[in-house]
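J.: no sequence for this one, just the structure:
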């Protein structure tokens, strides 16, 4: 956590320090980012930065905590818990895309946790970042099964894992050249990944997940509900 001196800073200066640190950790990774580089980009002295945070580890811990909490709040705050699984999954994907495009550095830091030498951070923050979504998705699947709108033969943990993995891979493809090449190759996308193509493939992924979940005997009703949800989303 930051020292009391950081908490007492004006809001603008705090944001400048955190933005500089976040961007550098995303660009260079944790190990290649130095405190003096963060200080220079923030327009402060290295000594001042150490007055705000004990060391680079503490600063990185704080940024990870902020990123996880802010992303979760931004994605889930308007997804009502009483909505059915189809509407929640659709809104989950649709809310993630603009957030990732606006703040790609937060996802890049998340992806960097898989890098060599990051185990001490991954053990803490990967767990924190995943447990909320895992619990919510599994509960949604089980509730959908109980209500007869999700097929009964699904393996709930594996299905939740697949949905979350599709979400991560899709979002990573928006900001990472490596993942974008994979994305375009497997989905047979030619040329630049334009906003129109992003929207088209977002719809494809949502439709694919919905088709996977549907019981065969209830498709017409569920499809009608999805059409209503899409119209509401588009206004």
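T.: Right, received. Where do you want to start? Keep in mind that this is a model prediction, so the values were computed, not measured.

J.: Just the residues contacting stretch 66-86, thanks.
T.: Outside stretch 66-86, the residues that touch it by C-beta atoms under 8 Å, 6 or more residues apart in numbering are 18, 22, 88, 91-92, 95-96, 99, 106, 109-110, 125, 128-129, 132, 136, 140-141, 143-144, 147, 149-150, 210, 213, 222, 225-226, 229. Where you see a C-beta, it was placed from the backbone N, CA and C, and this is true even at glycine.

J.: Got the confidence number for residue 226?
T.: Looking at residue 226, its pLDDT reads 49.

J.: go on, residue 162?
T.: As summarised for this prediction, residue 162 has a pLDDT of 95.

J.: Need the three-state assignment for residue 12.
T.: Classification of residue 12 into helix, strand or coil gives helix, according to DSSP: H, G, I helix; E, B strand; the rest coil.

J.: that older thread, please flag which of the contacts of stretch 66-86 sit within helices.
T.: Judged by DSSP state H, the subset of the contacts of stretch 66-86 located in helices is 18, 22, 88, 91-92, 95-96, 99, 106, 109-110, 125, 128-129, 132, 136, 140-141, 143-144, 210, 213, 222, 225-226, 229.

J.: Taking those residues, please make a ChimeraX selection of just the buried ones.
T.: Only the buried entries of those go into this ChimeraX selection, using 16 or more other C-beta atoms under 10 Å:
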select :18,22,88,91,92,95,96,99,106,109,110,125,129,136,140,141,144,210,213,222,226,229
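
J.: residue ranges with poor pLDDT in this structure?
T.: Low-confidence regions of the chain, defined here as pLDDT under 70, cover residues 217-235.

J.: residue boundaries of the strands in it?
T.: Taking DSSP state E to define them, one finds no strands in the chain.

J.: domains of it?
T.: Domain segmentation of the chain under automatic domain parsing yields 4-54, 66-234.

J.: got TSV for those, with distance to residue 60 too?
T.: What follows is the domains of the chain, written out as TSV (distance: least, C-beta to C-beta, whole Å):
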stretch	distance to residue 60
domain 4-54	6
domain 66-234	7
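
J.: Contacts only, for residue 147.
T.: Residue 147 makes contacts with residue 84, as judged by C-beta under 8 Å, 6+ apart.

J.: Next up, phi/psi of it, please.
T.: Recorded main-chain torsions at residue 147 are phi -90, psi 0, according to degrees, to the nearest 10.

J.: And the contacts of stretch 193-203?
T.: With C-beta under 8 Å, 6+ apart as the test, stretch 193-203 has contacts from 93-94, 97, 170, 173-174, 180, 183-184, 187, 189, 191.
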